[in-house]
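Q: the following block contains a protein sequence and its predicted model.
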Amino acid sequence: MSISQVISQTACAPHQHSTCGVCCCSVLLQMLMDLGKPTYEEDFERHFLAAAADFYAKEAQEFISTCNAPDYMRKAEKRLAEEVERVKNYLDESTEPKITRVAENELISAQMKALVEMEGSGLVPLLIDDAYEDLGRMYSLFKRVDDGLSLLKTVMGSHIKEQGKTLVNDPEKTKDPVEYVQALLEMRDKYENTISRAFNDDKSFRNTLNQSFETFINQQQRSPEFISLFIDDRLRKGLKGASEGDVEVVLDKVMALFRYLQEKDVFEKYYKQHLAKRLLSGRTVSDDAERNMLVKLKTECGYQFTSKLESMFTDIKTSRDMMADFKARLAEKGEELPLDLSVQVLTTGSWPTQSSSKCVLPRELEAACKSFQDFYLTAHSGRRLSWQTNMGTADLKAAFNGGREKHEITVSTYQMVILLLFNDAEELSYREVAEATEIPPADLKRSLQSLACAKGKNVLRKEPMSKEVEETDKFSFNDAFTSKLYKIKIGTVSAQKEGEVEKQETRHKVEEDRKPQIEAAIVRIMKARKRLDHNSVVSEVTRQLAARFLPNPAVIKKRIESLIEREFLERDPTDRKVYVYLA
């Protein structure tokens, strides 16, 4: 046998697991190394690496056709460890990186796409099953080769986007905003756990998770509203009895979803509405939790985002102090109101108030309101009070079953006005109630519906009985009403998902609010740059406003046209696509 044949067989021996071959290999390799490194590399290492590549290419094909992905990865991991051990036992240490690269190329690089896409056991099934050990092994193996982690991130990102798209477009999920956001949080928790437990807390995988969530969460136009409703639910009742630490965890998780929103100004609009209802009804689980949420929003978006929200808290505190002064003044004069009045004075512009709705108040309440108004205007001359009867609540004492059963009922101001009519009348038609109260028709129908149609809270009877209120209906006091609870809340002020009409109104208000912000950004940019082409203006405006919303290029163009008409800007006479700032 020639020396070259012995060397060739020796090169193959380690991968054929021949004891005789391995012994021969050890002796021969020692001889070659004694002759010098060039001889070792040329006469042995080159043949050894070629034989190993051929061996692993065939073995990889065998494994991939007979094993599932986790089993394949275990075998590959074992082979890589064997090569390291082999070098330690009888090869020159300089061979280790070379043979390792050969094994990685054949066992991982050449098969990684097939492994990731393997039906029933590839990356996606492992993600679905939270197979952290197998996912961790895949991460470790793929990290060793070029583009290995990129492939994992691409497939994981596509899977998350697909799963998320299904979730945000699921009619069953979007029926309930709280369930919708809870599903988003659970989904994010799942992949956060995967990244921390299987992917070595790799920041690049976390970036992929964030980009994927941002993509699909903004495909559902109502995501800003639903996230605000989820926070509202948690701050009204969902966190009752929770520790400060638990509250912090929930709010931090919700803030993670908030960061994905591209229309943060839409969220702000809804959050202000929901916060107003919580503050005015006194139905917040904790002032500390409310302020904690405010701090998080301020940290994320800046003072401008939360300035009006903070003003709402200030108004509530000021109103408490003012009511204490008012009652003290009444006591000094020896006057007493026929009812317990509590007024909250809200700063116009800070609260989502509506135009003042007309409503005929009971005489006793009208007199009490007049007394407070005189007190307030004496202390603050020049100011004007506008009563927001659509935002108030009232506690009434009511007797049923011939006076044998008594309850305390919490209702809206509109519902109170309606109920008090039945102290003097046995039965009233819808039109008679409308004439006596002058409550706007839409609000009147909603109020009557909650008083007469809500199961277990129907303190009024409606004829004919149906779920909807019609103008031909008649109403009477339900003396047979009974409840195990002494205190009953009917139609309490709580946030509900907007209907289609209200959604369009909110969207219109948001679009109108954006116009001055876009114009202000254009003026700031042009004042600093003096001359700028159209595409650069659009790009810079988008960049400046991205923290609040993504402006539509067509809207930016319209605002530029408006500024040109008002002579803030002009077009360059030689290039119509270039704008010039007019000082």
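A: Yep, that arrived. Here the structure is a predicted model, which is why all the values come from computation and not from measurement.

Q: what helix or strand does K296 sit in?
A: Secondary structure from DSSP states H and E places K296 in helix 287-301.

Q: for whatever helix or strand comes next after that helix, name the packing helices and strands.
A: Sequence order places helix 303-333 as the next helix or strand after helix 287-301, per DSSP H and E. Counting by 3 or more CB pairs under 8 Å, 6 or more residues apart in numbering; DSSP states H and E, the packing neighbours recorded for helix 303-333 are helix 264-281, helix 287-301, helix 363-379. For the C-beta atoms, the positions are set from N, CA and C on the backbone; glycine is no exception.

Q: flag every buried residue along helix 303-333.
A: 305-306, 308-309, 312-313, 315, 319, 322-323, 326-327, 330 (16 or more other CB atoms under 10 Å).

Q: can you redo those as CSV with distance to V417?
A: Below are the buried residues of helix 303-333 laid out as CSV (distance: CB to CB, whole Å):
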residue, distance to V417
F305, 37
T306, 35
K308, 30
L309, 30
M312, 26
F313, 29
D315, 25
S319, 22
M322, 24
M323, 22
F326, 23
K327, 24
L330, 24
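
Q: any idea which of those residues is the one closest to K88?
A: Closest approach to K88 among these (CB to CB): F305, at 60.7 Å.

Q: the closest one contacts F267, correct?
A: No. Look at F305 against F267 with CB atoms under 8 Å: they stay out of range, at 9.7 Å.

Q: and after whichever helix or strand K397 is part of, which helix or strand comes next?
A: Using DSSP H and E, K397 sits in strand 393-400. The first helix or strand that comes after strand 393-400 along the chain, using DSSP H and E, is strand 405-412.

Q: which of the residues in that following strand are buried?
A: Quick answer for strand 405-412 (16+ other CB under 10 Å): H407, I409, T410, V411, S412.

Q: angle of the next helix or strand after that strand against helix 363-379?
A: Per DSSP H and E, the first helix or strand lying C-terminal to strand 405-412 is helix 413-421. Angle, helix 413-421 to helix 363-379, by axes from the mean of the first three to the mean of the last three CA atoms, to 10 degrees: 140 degrees.

Q: output the contacting helices and strands for helix 413-421.
A: strand 393-400, helix 430-437, helix 441-452.

Q: mean pLDDT for the ones you listed: which is lowest?
A: Here the lowest mean pLDDT among the helices and strands packed on helix 413-421 goes to helix 441-452, at a mean of 87.

Q: so what's the residue minimising distance to the centre of the chain up against?
A: Centroid-nearest residue in the chain, with CA atoms, centre = their mean: L257, separated by 2.9 Å. Neighbour list for L257: V181, L184, L185, R188, F213, I217, I227 [criterion: CB atoms under 8 Å, 6 or more residues apart in numbering].

Q: so, low pLDDT: which residues of the stretch 101-250 of the chain?
A: Scanning the stretch 101-250 of the chain for pLDDT under 70 picks out the ranges 238, 240-241.

Q: again, 90 this time
A: Within the stretch 101-250 of the chain, the ranges that satisfy pLDDT under 90 run 172-175, 233-250.

Q: circling back: let's have the helices and strands packed on helix 413-421 in TSV, adding mean neighbour count.
A: Shown next, in TSV, are the helices and strands packed on helix 413-421 (neighbours: other CB atoms under 10 Å):
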stretch	mean neighbour count
strand 393-400	15
helix 430-437	17
helix 441-452	19
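
Q: so for T482, which of these sits nearest?
A: With CB to CB as the yardstick, what comes closest out of the helices and strands packed on helix 413-421 is strand 393-400 (6.7 Å).

Q: name every strand pairing with the closest one and say which way it goes.
A: strand 405-412 (antiparallel) (DSSP bridges).

Q: hey, what's the angle from the partner strand to helix 441-452? Just curious.
A: Using the same axes, to 10 degrees, strand 405-412 lies at 160 degrees relative to helix 441-452.

Q: what's in contact with strand 405-412?
A: Taking CB under 8 Å, 6+ apart as the rule, strand 405-412 contacts 390, 392-400, 419, 447, 451, 459, 481-483, 485-493.

Q: now with 6 Å?
A: Contact with strand 405-412 is made by 393-399, 486-491, as judged by CB atoms under 6 Å, 6 or more residues apart in numbering.

Q: and what of stretch 98-110?
A: With CB under 6 Å, 6+ apart, stretch 98-110 has contacts from 49, 52-53, 56-57, 60, 76, 79-80, 83, 141, 144-145.

Q: mind checking the end-to-end distance for it?
A: Across its full length, stretch 98-110 reaches 17 Å between end residues, using CA to CA, to the nearest Å.

Q: buried ones in it, by neighbour count?
A: In stretch 98-110, counting by 16+ other CB under 10 Å, buried: K98, I99, V102, A103, E104, N105, E106, L107, I108, S109, A110.

Q: just put those residues in TSV and tack on distance to I560 and secondary structure.
A: Formatted as TSV, the buried residues of stretch 98-110 follow (distance: CB to CB, whole Å; DSSP: H, G, I helix; E, B strand; the rest coil):
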residue	distance to I560	secondary structure
K98	62	helix
I99	64	helix
V102	61	helix
A103	61	helix
E104	56	helix
N105	56	helix
E106	60	helix
L107	59	helix
I108	54	helix
S109	52	helix
A110	55	coil
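
Q: tell me how many other residues crowd M465.
A: 10 (other CB atoms under 10 Å).

Q: spell out the secondary structure type for it.
A: Here M465 is coil, with the state taken from DSSP: H, G, I helix; E, B strand; the rest coil.

Q: element containing S158, please.
A: Using DSSP H and E, S158 falls in helix 148-168.

Q: what's the following helix or strand after that helix?
A: helix 171-175.

Q: tell me what that following helix is packed against?
A: For helix 171-175, the elements it packs on are helix 177-197, judged by 3 or more CB pairs under 6 Å, 6 or more residues apart in numbering; DSSP states H and E.

Q: helices or strands next to the helix it packs on in the packing?
A: helix 171-175, helix 203-217, helix 223-233.

Q: of all those, which one is nearest D575?
A: Closest among the helices and strands packed on helix 177-197, using CB to CB: helix 203-217, at 36.6 Å.

Q: fine, thanks again, bye for now.
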